[in-house]
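[1] Using only what follows, build the 3D model:
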Amino acid sequence: MARLRTTMLLAATAALAATGLAGCGEEDAAPAAEPTAAASTSTSPSASTKAAPEPEDCQDVWGGRKLPRSYPGCLRNGELVKAAKLFCSSGQVIVTFDDRYYAVPGGPVNDVGTLKKSKQFQQASRSCSA
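    Here you go, the predicted model:
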């Protein structure tokens with residue numbers, strides 16, 4: 001008998017709670033929709049995903065410092081020069097520019113004069129494809 005009373009009490013409590021929550025849900029439906037819409041409006045694509053970095057001037061990028069880890073290319077006379085990439089068998093990437101420079105993203109820029117004649121670049125290129 002006590003067990004039956006407990007079961008009935010739990011069922012009644014659950015029914016009241018469901019009725020109460022359903023009523024609250026209907027009253028709050030419109031206001032709840034507004035913050036959701038506002039939140040999705042205020043979230044820009046760059047906030048949820050990282051935007052590609054703005055290209056810098058080619059002279060600044062390849063002027064002797066490290067190549068940025070995320071390198072989309074650079075600007076020459078205001079026009080984008082896309083990154084020329086050599087994909088290595090190891091998964092690494094070598095980026096070249098202007099038949100003179102090469103670098104690994106995040107690594108130092110190497111100015112070798114002419115890539116085709118540079119023993120340093122040829123060795124790096126061979127190691128890349130091995």
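[2] Pop the domain breakdown of this protein in here.
    Per automatic domain parsing, the structural domains of the chain span 2-48, 56-129.
[3] By mean pLDDT, show me the worst of those.
    For those, mean pLDDT drops lowest on domain 2-48, to a mean of 41.
[4] Now do the helices in the protein.
    Using DSSP state H, the helices assigned to the chain run over residues 2-42, 45-48, 58-61, 119-129.
[5] Spatially, which residue comes closest to Arg69, not counting chain neighbours?
    Counting by C-beta to C-beta, 6 or more residues apart in numbering, the nearest residue to Arg69 once its immediate chain neighbours are dropped is Gly106, at 4.2 Å. For glycine as for every other residue, the C-beta is placed from the backbone atoms N, C-alpha and C.
[6] List the residues that contact the one you found.
    Lys66, Leu67, Pro68, Arg69 (C-beta atoms under 8 Å, 6 or more residues apart in numbering).
[7] Among those residues, the buried ones, what's the ChimeraX command?
    To isolate the buried subset of the contacts of Gly106 in ChimeraX, counting by 16 or more other C-beta atoms under 10 Å, use the following:
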select :67,68
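[8] Nearest to Thr114 among the contacts of Gly106?
    The nearest member of those to Thr114, counting by C-beta to C-beta, is Leu67 at 18.9 Å.
[9] The closest one and Phe97 touch, don't they?
    No - Leu67 is beyond contact range of Phe97, at 9.1 Å (criterion: C-beta atoms under 8 Å).
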